[in-house]
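Below are the sequence and a predicted model; questions follow.
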Amino acid sequence: MLPSLPDKTVHVYGTFGAAATLTLEGSNEPGTPANQVPVNDTRGESNALTFLTAGGNDIKQMLEKPPKVRPNLTGGDETTALTVLIVCKG
């Protein structure tokens, strides 16, 4: 990610399979992070940036600005096919 571009929005779209949940995780660790943690949306520090089957086609803004971010998918099935786009702006 680009820490110098603090405004980050996330768009997830596609097909969520059975019980699929996509959570955005981040880390400040150098190298390959071993301790990724959920990042939050701008609604508050305890509101993980999560996309579910019911609301999968929307855009959310990231509260924290970690230099490393990854999507973490749990659940889903063979029909799960998602695209995650993160747009950064200074």
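Yes, it's here. In this text, all values refer to a predicted model and were calculated from it rather than measured experimentally. Numbering: from 1, shown residues only.

and the spatially most central residue of the chain, what is it in contact with?
When CA atoms, centre = their mean is applied to the chain, the residue found nearest the centroid is Leu24 (2.5 Å). Leu24 sits next to Val10, Pro38, Val39, Ala48, Leu49, Thr50, Met62, Val69, Arg70, Pro71, Asn72, Val84 when contact means CB atoms under 8 Å, 6 or more residues apart in numbering. Just so you know, the C-beta spots here come from the backbone N, C-alpha and C atoms, and that holds for glycine as well.

now the third one: how far from Glu78?
By that I understand Val39. When distance is defined by CB to CB, to the nearest Å, Val39 is 28 Å away from Glu78.

more neighbours, those two?
Taking neighbours as other CB atoms under 10 Å, Val39 and Glu78 compare with Val39 leading, 21 against 7.

Okay, and Phe51 sits in which element?
Element membership for Phe51, per DSSP states H and E: strand 50-52.

And that strand, what does it pack against?
For strand 50-52, the elements it packs on are strand 21-27, judged by 3 or more CB pairs under 8 Å, 6 or more residues apart in numbering; DSSP states H and E.

For the strand it packs on, the averaged confidence score.
Here strand 21-27 scores 94 as its mean pLDDT.

C-terminal to it, what's the next element?
Strand 21-27 is succeeded, C-terminally, by strand 37-38 (DSSP H and E).
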